[in-house]
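Trainee: coords please:
(one chain, ligands or ions: 1)
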Amino acid sequence: MSDHDPLPPLQWDSRGIQIQGFSTGLYQIEWLLVTIVIFYLVVMGLPAKGGLGVLAVTIGYFGLSLLASRLRFFDDRQRWLLAMHTWAMIIFITWFLYGTGGVTGPLASLYLLAIVTSALTLGVVITMLEVVAIAACQLLLLQLQGSDILALANLAPVGTSIFTLLIVGYLTAALVNTIHLSNRALLKMASRDALTGLFNRRAFNDLASSIHEMAKRSQNPYCVVLIDMDGLKSINDKGGHGAGDQALLDLTKRLRACKRSSDIVARFGGDEFVMLLPDTDAKGGKKMMQRLLSATQRDQPSISIGIASYPEQGETLEVLLDHADAAMYLSKAAGGNRVTARSVA
Ligand SMILES: Nc1nc2c(ncn2[C@@H]2O[C@H](COP(=O)(O)OP(=O)(O)OP(=O)(O)O)[C@@H](O)[C@H]2O)c(=O)[nH]1
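Mentor: Have a look, this model is predicted:
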C-alpha cells in the first residue's frame, strides 16, 4: 500500500488534532487578555478622554469572548475563523492602547497574546504577517498620539517591541511545527502494523466506517473480505519465526498487488488480514479473490477467504465482519485455499 492511502479527514487530521489539543490554551489566552484589561481599568480607572468608548469596546470584547467560550469556538478547528479571531484581538488591543494612551507602556506587550494565539494555530507565515500588521498598528497609534513617527526616539521602543514579537512568534510557531510533525509520525505509527506496514485494526475501523457511511448515502455496494493464512504455525515450527514473518510479508505483497487503489487492506493481527472493496458487489468481490487465489504460487502458503457484501448481508460493518469471518471459517473447514461468500442471515 502506498503512502497515498486515504485517511479519513477528522480522526487523522494531525493539524486539527493539534489545534484541538491547544484549544484549552487558547481559551486561557483569551481570558488572560480580558482579565488584564479589566484589572487595568479597575486599578487605573477609566481614562478621562474617551473612557466610555474604551469601556464599551472592552465590554463588547468580553461579551464576544464569553460567546466564543460558550460556542466552543476554538474546538471548531477552522483556520480562517481562528485567523479572524486573532485579527479581532489585535484591533481590540490597538483600540485599548489608543484609549489608555499606552502605546509604549507595559500594556503594549498585550500584543504577545495575539501573536502566541496565531503561532499556536496558524503557522509561521501568518504569524509573521500579523507581526507586520501590529507594527502598522503601533505606528498608527504613534501618529494618532501626535508623535513624530520618523523620530528615532519614538521608533526605538516600537522597534524593540516588534523585535520581541518576531522572536516569540517565530519560536512558538517553530515549536508548534515540531509538535505537528511528531504528531504526524505518531499518528502514522498508531495506524500501521509494525511488521507489514499495512493499516492496523484501529485504522481499518476508522477508514471502513467512513466508507460505510458513504456507501449508505449513495446506496453503493461494497465487500468486506477476511483472509487467513493456512498453516502459519507449521511454517513457524519448521522454519522459525523469521520464516513465518517472511510468509506474512509475501502475502502482504500479494494483497497489495491485487488491490485497486481505492481498496483498503489491513492486518487484523496474527495471520488474519482484512480488505474492504468499495463499489464492489458480492460477484465482483468473489471474482477478485478467485484471481488472488489462482495467482498463488505452489511454494506460497495458501489462504482461506470469506466475503460478505453490503447491503445484502448486513446493514452494519460489525455484522458484515462477522459474516465474512464465518465465511472464512467455512473456507478453512473445507480444507483452505478457497473463497466463500455466503449469507449467514
Ligand atoms: N512469524 C510470525 N508468526 C505469527 C505472527 N503473529 C502470529 N503468529 C503465529 O501464527 C500462528 C497462527 O496460528 P493459527 O491461528 O493456528 O493459524 P495457522 O497455523 O495458520 O492455522 P490455520 O489458521 O488453522 O490454518 C501462531 O503460531 C502464532 O504464534 C507474526 O507476526 N509472525
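Trainee: quick one: low-confidence parts of this protein?
Mentor: The chain contains residues with pLDDT under 70 at 1-21, 23, 73-77, 342-345.
Trainee: for the ligand, what are the nearby residues on it?
Mentor: Residues of the chain lying near the ligand by C-beta under 6 Å from any ligand atom: 195, 228-233, 236, 241, 244-245, 248, 270-271, 332. No exception for glycine: its C-beta is placed from N, CA and C like everyone else's.
Trainee: among those, which are in helices?
Mentor: 232-233, 236, 241, 244-245, 248, 332 (DSSP state H).
Trainee: Filter the residues you listed down to the buried ones.
Mentor: Among those, those that count as buried by neighbour count (16 or more other C-beta atoms under 10 Å) are 232, 236, 244-245, 248, 332.
Trainee: Pick the one among these closest to Met214.
Mentor: Leu248 (30.5 Å; C-beta to C-beta).
Trainee: which residues touch Tyr40?
Mentor: 100, 107 (C-beta atoms under 8 Å, 6 or more residues apart in numbering).
Trainee: Let me know the helix or strand that it is in.
Mentor: Assigned by DSSP states H and E, Tyr40 belongs to helix 14-44.
Trainee: and if you look at Val265?
Mentor: Val265 belongs to strand 264-269, assigned by DSSP H and E.
Trainee: Show me what that strand is in contact with.
Mentor: Everything outside strand 264-269 that qualifies as a contact, by C-beta under 8 Å, 6+ apart, is 1, 5-6, 193, 195-196, 198-201, 203-204, 207-208, 211, 226, 248, 252, 255-256, 259, 273-276.
Trainee: Kindly report the same for stretch 137-155.
Mentor: Taking C-beta under 8 Å, 6+ apart as the rule, stretch 137-155 contacts 90, 94, 97-98, 101, 103, 108, 158, 161-162.
Trainee: So which residues of the stretch 51-200 of the chain form helices?
Mentor: Assigned by DSSP state H, counting those that start in this stretch, the stretch 51-200 of the chain shows helices spanning 51-70, 79-100, 111-121, 123-144, 152-191.
Trainee: Thr252 touches Phe199, doesn't it?
Mentor: No - judged on C-beta atoms under 8 Å, Thr252 makes no contact with Phe199 at a distance of 11.3 Å.
Trainee: Which residue of those two possesses the greater neighbour count?
Mentor: Neighbours of Thr252 and Phe199, each counted by other C-beta atoms under 10 Å, are more numerous for Phe199; the result is 24 against 19.
Trainee: Return the distance of the more buried one relative to Glu213.
Mentor: Going from Phe199 to Glu213 by C-beta to C-beta, to the nearest Å gives 18 Å.
Trainee: for stretch 120-133, the distance to its chain's centre please.
Mentor: Centroid separation for stretch 120-133 versus its chain: 21 Å, with C-alpha atoms, centre = their mean, to the nearest Å.
Trainee: tell me which residues in it are buried?
Mentor: Buried residues in stretch 120-133 (16+ other C-beta under 10 Å): 120-124, 126-128, 130-131, 133.
Trainee: ok, and what's touching it?
Mentor: 19, 22, 25-26, 79, 82-83, 86-87, 90, 114-115, 118-119, 162, 165-166, 169-170, 172-174, 176-177.
Trainee: what do you get for stretch 310-317?
Mentor: 205, 208-209, 212, 215, 219, 221-224, 282, 308, 319-320, 322-323, 343-345.
Trainee: Can you give me the first-to-last residue distance of it?
Mentor: End-to-end distance of stretch 310-317 (C-alpha to C-alpha, to the nearest Å): 9 Å.
Trainee: about what we covered before: I'd like to know which of the helices of the stretch 51-200 of the chain is closest to Trp31.
Mentor: Smallest distance to Trp31 across the helices of the stretch 51-200 of the chain (C-beta to C-beta): 7.0 Å, for helix 51-70.
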